[in-house]
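J.: fold the following, please.
(chains A, B, C and D)
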Number of protein chains: 2
Amino acid sequence: MRLTFLDVKRLHIDTTPDTLIVMEDEVDRLVAAWRRERPDLDVEPLEVLSRVSRLARHLDRARRTAFAEHGLEPWEFDVLTALRRAGSPYQLSPGQLLTQTLVTSGTMTNRIDRLTGKGLVKRLPDPDDRRGVLVRLTDDGRDRADQALAGLLAHERALLAELSAGQQGELAGLLRQLVAPFDNVPG
Amino acid sequence: MRLTFLDVKRLHIDTTPDTLIVMEDEVDRLVAAWRRERPDLDVEPLEVLSRVSRLARHLDRARRTAFAEHGLEPWEFDVLTALRRAGSPYQLSPGQLLTQTLVTSGTMTNRIDRLTGKGLVKRLPDPDDRRGVLVRLTDDGRDRADQALAGLLAHERALLAELSAGQQGELAGLLRQLVAPFDNVPG
DNA sequence: GGTAGATATCTTGATGTCGAGATACTTGGG
DNA sequence: CCCAAGTATCTCGACATCAAGATATCTACC
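T.: Residues are numbered from 1 along each chain as shown, chains lettered A, B, ... in the order given. Purely as a prediction, here's the structure:
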């Protein structure tokens, strides 16, 4: 008999009811529904990838709340922290920001415009390439990024309390294997 | 000495170079940058959650490509398959669709309008509640959903080829623990 | 050094999403 | 029976994003 992931989950519940309780989630219900409606298909991939998508969606919402405490939108955080991470003098080209934030060039132009309007970054001409621009964090932008990062980490640490340190390491490793192919090819 | 996730990764590379090669990803670089710039902070949570967000982002793009082969947008797929999963007669209220797709009511109204325009769903009055509406899949909508699902599963199975079946099960289980709290409370 | 093709950024128009509020109906207490 | 509060859906305006194309500049090769 072949065990599916769902079976494994139930096994945990049945055999060790007091020490290992695994809660159902929306994806369990989704997969069960597909197995009922389309028993001819192998929907195993959804067990992983639908959870990734849904978790990301929930995280987006939680992050929006966390950043609001610091008066920042998620997209503002993404850009400011990319610059912050670059280290002094906290500047990157729009093109470098694109690859880090996974948005299109039009979007980035718009973001830089708005952040400039708020005084969090400023545009400087690239001295080595007259097509180019350097986006630099202002002092205010740097402070905001630092504060928001600390807030984010506190929130996320709380979410991860569900898992032991070892489990977090395992999870990070498995996710890395899935993400790496995307991050290491041109596509 | 305490090992961080990054150390564990490097350990793999150093000790078993031929059998276990772990590729770096963008999050490794991101975490390394934070450790250099903010050595005072514990950025461990990013190892998991930043990977979830970035992977989801990549998946969105890949899914967009996969669905385009069937002439569907990702949002259309989400709605059509929610109805398909409901089983015959393939109908749900807009409210039920909201909770499954994690969008707001205004968005769902708009989606139903456009799907109706394309002839993939139709609105019926709810016989038990005159405020209510039932959204029902047309035959064409059902066929499209079935075709697109098969295509999606093929694509996703390919992405997951990086992992063994056992690893996929582990990953699904760990993700479930993180998602379940979101899915099982009102929030 | 001149030119074709690559590259960096910005512009534009269309579109999907959100949030807040409006509307219509239902429910439960008095 | 009536009314207040709750619920289901829709409307509307603001806004962020994207894709495609425009512009300016660089690079490499002849």
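J.: need phi/psi at the closest residue to residue A:26 other than its chain neighbours.
T.: Nearest non-adjacent residue to residue A:26, counting by C-beta to C-beta, 6 or more residues apart in numbering or on different chains: residue B:183, 4.3 Å away. Backbone N, C-alpha and C define where each C-beta goes, glycine included. Backbone torsions for residue B:183, taken as degrees, to the nearest 10, come to phi -80, psi -20.
J.: so what's residue B:183 up against?
T.: Residues near residue B:183 by C-beta atoms under 8 Å, 6 or more residues apart in numbering or on different chains: A:25, A:26, A:54.
J.: which of these has the most neighbours?
T.: Compared across those, residue A:25 has the highest neighbour count, 23 neighbours, by other C-beta atoms under 10 Å in any protein chain shown.
J.: most centrally placed residue in chain A?
T.: The centroid of chain A falls nearest to residue A:56 when counting by C-alpha atoms, centre = their mean (6.4 Å).
J.: roughly how far apart are the nearest residue to that residue once chain neighbours are set aside and residue A:58?
T.: Leaving out its chain neighbours, the residue that sits closest to residue A:56 by C-beta to C-beta, 6+ apart is residue B:56, at 3.2 Å. Taking C-beta to C-beta, to the nearest Å as the measure, residue B:56 falls 10 Å from residue A:58.
J.: how about stretch A:64-79 and DNA strand D, touching?
T.: Yes: judged by C-beta under 7 Å from any atom of the strand, stretch A:64-79 comes into contact with DNA strand D at A:73, A:75.
J.: what sits up against that stretch?
T.: Contacts for stretch A:64-79 (C-beta under 8 Å, 6+ apart): A:60, A:63, A:80, A:97, A:100-101, A:108, A:111-112, A:115, A:120-121, A:135, A:144-145, A:147-148, A:151-152, A:155.
J.: return only those of those residues found close to DNA strand C.
T.: Restricting the contacts of stretch A:64-79 to contacts with DNA strand C (C-beta under 7 Å from any atom of the strand) yields A:108, A:112.
J.: in helices, which of the contacts of stretch A:64-79 fall?
T.: A:60, A:63, A:80, A:97, A:100-101, A:108, A:111-112, A:115, A:144-145, A:147-148, A:151-152, A:155 (DSSP state H).
J.: tell me if stretch A:29-37 is near chain B.
T.: Yes: applying C-beta under 8 Å from any C-beta of the partner chain, one finds stretch A:29-37 in contact with chain B at A:30, A:33, A:34, A:36, A:37.
J.: filter those residues down to the buried ones.
T.: Neighbour-count burial (16 or more other C-beta atoms under 10 Å in any protein chain shown) applied to the residues of stretch A:29-37 next to chain B gives A:30, A:33, A:34, A:37.
J.: from the residues you listed, which land in helices?
T.: Short answer: these in helices (DSSP H) are A:30, A:33, A:34, A:37.
J.: check those for the minimum pLDDT and say which it is.
T.: On pLDDT alone, residue A:30 ranks lowest of these, at 91.
J.: show me the contacts for that residue.
T.: A:46, A:50, B:85.
J.: so who does the second one touch?
T.: Which is residue A:50. Residue A:50 makes contact with A:27, A:30, A:31, according to C-beta under 8 Å, 6+ apart.
J.: so which strand or helix has the residue nearest to residue A:56?
T.: Using DSSP states H and E, residue B:56 sits within helix B:44-68.
J.: average pLDDT for that helix?
T.: Mean predicted lDDT for helix B:44-68 stands at 89.
J.: and stretch A:132-142, by the same measure?
T.: 97.
J.: close to DNA strand D, is it?
T.: No: on the criterion C-beta under 7 Å from any atom of the strand, stretch A:132-142 is out of touch with DNA strand D, staying 7.5 Å away.
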